[in-house]
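Trainee: Below are the sequence and a predicted model for it; my questions follow.
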Amino acid sequence: MSRSEARLSRATDPPAAPPRTKAAQREATTAALLDAARALFADQGYAAVGTEEIVQRAGVTRGALYHHFRGGKEELFRAVLVQISAETTRQITGAALAEDDPWDALLAGIDAFLDACARRDVQRIVLVDGPSVLGWDVWRAIDAQYSHGLIEGTLQRAMENGQLLVQPTDALAQVLLGALHEAAMVVARADDPTAARAEMGAMVRRLLEGLRGPSL
């Protein structure tokens, strides 16, 4: 290749990718740790997973783990649980908003929640290990942050539409969430999650039938 050809080749080469900013590097490292931990916790359970296994899978150092999650494995587990809870809430919200009728929206949201509980990561991380690793109060606080307001708002709209008997929405939301959590635990621990999900879904619907308002 002549000198002129070499200069032309260099001139037409695509520009080198700019160096990643520190913020982008932090985000990439955090995402890698969350992805690795989520897969391992879902597959093996919290107690069986060591930090060395997490950092090896994520392709980062142990120091990076403790830099981003000062509380180590437990803090990383909490971040994974919050991530799953937020994703699940978005799925439930999407299912509910797809329905114009408040009653149908309520049922669609409940179905989306129970469907999510049939997933391995939700079962193992959120339902089984979550309360024992983080403690009941912390686990309930995270759950309430993502679910209570959503279900209370859906119940309120159904009452305003005459589809549910008028009653304190906060109390009803607490009772319904309790029933849903118990149903979710049954699904999570069942030998046949698909059959358990269908059975629990039918049971929750029957409970709601008893709360129907006059317009139904």
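Mentor: In hand now; what should we look at?
Trainee: measure Glu75 to Ala195 for me?
Mentor: Glu75 sits 36 Å away from Ala195, taking Cβ to Cβ, to the nearest Å as the criterion. C-beta: built from backbone N, CA, C; applies to glycine.
Trainee: Neighbour count for these two, which is higher?
Mentor: Set side by side, Glu75 and Ala195 show more neighbours around Glu75, with 14 against 11, by other Cβ atoms under 10 Å.
Trainee: list the contacts for the residue nearest to the spatial centre of the chain?
Mentor: Nearest to the mean C-alpha position of the chain, counting by Cα atoms, centre = their mean, stands Ile84 at 2.1 Å. When contacts are counted by Cβ atoms under 8 Å, 6 or more residues apart in numbering, Ile84 touches 38, 121-122, 125-126.
Trainee: try it again with 10 Å
Mentor: Contacts for Ile84 (Cβ atoms under 10 Å, 6 or more residues apart in numbering) come out as 34, 38, 41-42, 116, 119, 121-122, 125-126, 130, 146.
Trainee: Look up how far Val60 lies from it.
Mentor: With distances taken as Cβ to Cβ, Ile84 is found 21 Å from Val60.
Trainee: Equivalent analysis for His148, please.
Mentor: In terms of Cβ to Cβ, His148 sits 35 Å off from Val60.
Trainee: more neighbours, the two?
Mentor: Higher neighbour count among His148 and Val60: Val60, with 19 against 15, using other Cβ under 10 Å.
Trainee: How about the more buried one, nearest residue that isn't a chain neighbour?
Mentor: The shortest distance from Val60 to any non-neighbouring residue, by Cβ to Cβ, 6 or more residues apart in numbering, is to Thr29 (5.6 Å).
Trainee: hang on, the earlier thing: quick one: which of the contacts of Ile84 is nearest Thr88?
Mentor: Ala116 (4.7 Å; Cβ to Cβ).
Trainee: Is there a neighbour count for that closest one? I'd like the number.
Mentor: 23.
Trainee: Residue numbering should commence at 888 henceforth.
Mentor: New numbering, starting at 888: the last item is Ala1003.
Trainee: quick one: buried residues of the one helix or strand Trp1026 maps to?
Mentor: Taking DSSP states H and E as the definition, Trp1026 sits inside helix 1023-1047. For helix 1023-1047, burial by neighbour count (16 or more other Cβ atoms under 10 Å) applies to 1026-1027, 1029-1030, 1033-1034, 1037-1046.
Trainee: residue boundaries of the helices in this protein?
Mentor: Listed from the start of the chain, the chain has helices (DSSP state H) covering 890-899, 909-931, 938-945, 949-955, 960-984, 989-1003, 1007-1008, 1017-1021, 1023-1047, 1056-1076, 1080-1096.
Trainee: quick one, the fifth one and helix 989-1003 angle?
Mentor: Right, helix 960-984. 150 degrees (axes from the mean of the first three to the mean of the last three Cα atoms, to 10 degrees).
Trainee: Helix 960-984 to helix 1023-1047, inter-axis angle?
Mentor: 10 degrees.
Trainee: pLDDT value on the residue nearest to Val947, please?
Mentor: We have a pLDDT of 94 for Thr916.
Trainee: so who does it touch?
Mentor: Counting by Cβ under 10 Å, 6+ apart, the residues that Thr916 touches are 945-948, 951-952, 954-955.
Trainee: what number of residues lie near the residue lying closest to Glu940 once chain neighbours are set aside?
Mentor: Nearest non-adjacent residue to Glu940, counting by Cβ to Cβ, 6+ apart: Leu927, 6.2 Å away. Leu927 has 19 neighbouring residues, counting by other Cβ under 10 Å.
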